[in-house]
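Student: Build me a structure from this.
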Amino acid sequence: MSVPGDPLAEARALAEARGRAAELAERRLADARADTRSLAQQNEKLNTTLREARESLLGLRAQLEALSNPPQAHGVVVGVAEDGLVDVSVGGRVLRVAVGPDVGDGLAVGASVLLNEAMMLVGLGPSPVQLDVVVVKDVLADGRLLVAGGGDDEQLVSAASGAAGAQAGASVAVDRRAGIALSVVERTEVNDLLLDEVPDVDYTDIGGLGGQIEQIRDAVELPFLHRDLYARYRLPAPKGVLLYGPPGCGKTMIAKAVANSLAEQVGGGVGSHFLNIKGPELLNKYVGETERQIRVIFATAREHAADGRPVIVFFDEMDSLFRTRGSGVSSDMESTVVPQLLSEIDGVEGLSNVIIIGATNREDLIDPAILRPGRLDVKIKLDRPDAVAAGEILGKYLTVETPLNLGAPRHPGERRDLPDAEVTEQAREAAEECRRALIEATVEVLYAETDDNRFLEVTYASGDREVLYVKDFVSGAMLANVVGRAKKAAIKEVLAGGPDGVRLEHLLSACADEIAENEDLPNTTNPDDWARISGRKGERITFMRTLRGGRQVNP
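Tutor: Next comes the predicted model:
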């Protein structure tokens, strides 16, 4: 119980009052801090909203400005005036316009530019999305190009820097409205057909064709090796050679050997050129495209031959391109392709130092105008090899370097006391004797007229019948396959732990496999066409029966 006027009680009451005031102040401070945090969060949300609104307004302003900008016209520079103005082709009209300050100098003819609504050049434009591809027919003295498009349409255009140096026969991209050739178009499909290289095939790599090799050397090499004598006798060099015969008999190899031989002997060591034209790849569905490629081929040949080097233009599978006109065997494409080739051979532009070599399995399908004297002057038949020629061909693949299984020597003690040189010579002689024996045995198996080698029975239109044997279908390619099969069998035997070297069993097994693999090849719907491709010319075949499997083929 406090006593009035007691100082201690008064102090206690004062302290309690101050404590209550402090608690009230702390509660108010906490409330104020909470209010501050809430206001700060609201402020941050407002700032974010303002930024988003500002960005949205800027985007809308940019869109509004873009929508309000007038369209700009695309043009092509066709000339530069001396006073800084530029001639621009726009929509077929040529305008002389001023150049904006932001464009800069260095505008060239053919450059794509943009013009504003006041027809002022304000910037560089993108490359044109659509141009016409035409062929250069001639280059004028002032540098302009005479070009031809589809049909007989011709146009005279200026050449931009990208088309400078374009020659006749080249393809260029042209803006027809502006009258400018902008660039040279590389026609890769034509370049793929022109293999400007000299093959590494030599006459010594070819077996069984000694007479044919001599014929083609006389026709092709003599005019280059003895130009003076030919000029003295006023004897023109042959323009072309046709190699014909069954598949796999060396036509392509001879053409390559001719180019290689000319490269070594003619032109003072500068070599020769070999243009290998893949006949079927020249065919094109677009009208006039095949003829254009033929023109490009001969233009390339003349260009290479200008320096005196011989150029071999080799048409492989010639019958696929130059068939007899009006025969109905193929489409009417040959009615324009054949005249194109004839005009290139006999045209005003000469074919000096250019030799055409054609190869085909069906010379009867080639247009007679191409085969007449004065065009393809020399015709050389490469028939199937006989037994002697087959031995030569086998010797090209079964060489002295080929590992042979000679077997164990009969008297091993006989060689022990001999000098190493004599032992080596005896081994070499034994290997050569074994090689000859293997070749002779293989030829004997392939060329024997036995019941096992009976292959086909054909009936001719006259009713006569003839039995054809395996030897009637042997080719150089087949003999190369036989040796290849025998070598593979020897390798597999070595891998299996057997003896090393090729032996007779390998070759005989290879012959049997090769013959068996070719059993189904005569199975065609047209026996006469198959017989002509295979080299069986003469009377028409009306019926054919395979004797190795009992199958028969009617026409």
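Student: Can you give me the separation between residue 425 and residue 45?
Tutor: Using Cβ to Cβ, to the nearest Å, residue 425 is found at 106 Å from residue 45. Backbone N, C-alpha and C define where each C-beta goes, glycine included.
Student: how about residue 167, secondary structure?
Tutor: What DSSP: H, G, I helix; E, B strand; the rest coil gives for residue 167 is coil.
Student: Spit out the contact partners of it.
Tutor: By Cβ atoms under 8 Å, 6 or more residues apart in numbering, the residues touching residue 167 are 136, 139, 299.
Student: One more pass at 7 Å, please.
Tutor: 136, 139 (Cβ atoms under 7 Å, 6 or more residues apart in numbering).
Student: Run through the stretch 451-555 of the chain and note the low-pLDDT ranges.
Tutor: 519-538, 548-555 (pLDDT under 70).
Student: What are the boundaries of the helices in the stretch 451-555 of the chain?
Tutor: 476-495, 504-517, 527-533 (DSSP state H, counting those that start in this stretch).
Student: Can you say which of the ones you listed is nearest to residue 439?
Tutor: Closest of the helices of the stretch 451-555 of the chain to residue 439 is helix 504-517, at 8.7 Å (criterion: Cβ to Cβ).
Student: May I see the buried residues of the closest one?
Tutor: Buried residues in helix 504-517, counted by 16 or more other Cβ atoms under 10 Å: 504, 506, 507, 508, 510, 511, 514, 515.
Student: So which of the helices of the stretch 451-555 of the chain is nearest residue 430?
Tutor: Nearest to residue 430, of those and by Cβ to Cβ, is helix 504-517 at 14.9 Å.
Student: helices and strands around the helix or strand hosting residue 341, which ones?
Tutor: Assigned by DSSP states H and E, residue 341 falls within helix 334-346. Counting by 3 or more Cβ pairs under 7 Å, 6 or more residues apart in numbering; DSSP states H and E, the packing neighbours recorded for helix 334-346 are helix 289-305, helix 368-371.
Student: any idea which of the ones you listed scores lowest on pLDDT?
Tutor: The minimum mean pLDDT among the helices and strands packed on helix 334-346 belongs to helix 289-305 (a mean of 80).
Student: For that one, which helices and strands make contact with it?
Tutor: For helix 289-305, the packing partners by 3+ Cβ pairs under 7 Å, 6+ apart are helix 188-193, strand 273-278, strand 311-316, helix 334-346, strand 354-360.
Student: hang on, the earlier thing: could I get the buried residues of helix 504-517 as TSV with distance to residue 12?
Tutor: As requested, the buried residues of helix 504-517 are exported to TSV (distance: Cβ to Cβ, whole Å):
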residue	distance to residue 12
504	135
506	128
507	132
508	134
510	128
511	133
514	129
515	133
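Student: from those, which is closest to residue 497?
Tutor: Residue 497 lies nearest to residue 506 out of those, by Cβ to Cβ, at 16.3 Å.
Student: pretty sure the closest one contacts residue 488?
Tutor: No: applying Cβ atoms under 7 Å, one finds residue 506 not in contact with residue 488, separated by 8.8 Å.
Student: which one of the buried residues of helix 504-517 sits closest to residue 89?
Tutor: Nearest to residue 89, judged by Cβ to Cβ, of the buried residues of helix 504-517 is residue 514 at 67.9 Å.
Student: Next, the contact list for the closest one, please.
Tutor: 478, 481, 482, 485.
Student: picking that back up, looking at the helices and strands packed on helix 334-346, which one is packed in the most?
Tutor: For the helices and strands packed on helix 334-346, the largest average neighbour count (mean count of other Cβ atoms under 10 Å) is found in helix 289-305, namely a mean of 19.
Student: got the CA coordinates for it in CSV?
Tutor: Provided in CSV are the C-alpha atoms of helix 289-305 (Å, rounded to 0.1, in the frame of the first residue of the first chain):
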residue,chain,number,x,y,z
GLU,A,289,20.0,-28.9,-124.0
THR,A,290,21.7,-32.0,-125.5
GLU,A,291,22.7,-30.0,-128.6
ARG,A,292,24.1,-27.2,-126.5
GLN,A,293,26.2,-29.6,-124.5
ILE,A,294,27.6,-31.1,-127.8
ARG,A,295,28.5,-27.5,-128.9
VAL,A,296,30.3,-26.9,-125.6
ILE,A,297,32.2,-30.2,-125.9
PHE,A,298,33.6,-29.3,-129.4
ALA,A,299,34.2,-25.7,-128.4
THR,A,300,36.3,-27.0,-125.5
ALA,A,301,38.1,-29.4,-127.8
ARG,A,302,39.0,-26.6,-130.3
GLU,A,303,40.2,-24.4,-127.4
HIS,A,304,42.6,-27.1,-126.2
ALA,A,305,43.7,-28.0,-129.7
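Student: Columns mean neighbour count, distance to residue 168 and mean pLDDT on top of the helices and strands packed on helix 289-305, output as CSV?
Tutor: Below are the helices and strands packed on helix 289-305 laid out as CSV (neighbours: other Cβ atoms under 10 Å; distance: least, Cβ to Cβ, whole Å; pLDDT from 0 to 100):
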stretch, mean neighbour count, distance to residue 168, mean pLDDT
helix 188-193, 13, 14, 54
strand 273-278, 21, 18, 79
strand 311-316, 24, 18, 85
helix 334-346, 17, 14, 81
strand 354-360, 26, 17, 88
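Student: okay, these in JSON lines with distance to residue 24 next?
Tutor: JSON lines is the format used below for the helices and strands packed on helix 289-305 (distance: least, Cβ to Cβ, whole Å):
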{"stretch": "helix 188-193", "distance to residue 24": "94"}
{"stretch": "strand 273-278", "distance to residue 24": "105"}
{"stretch": "strand 311-316", "distance to residue 24": "111"}
{"stretch": "helix 334-346", "distance to residue 24": "112"}
{"stretch": "strand 354-360", "distance to residue 24": "116"}
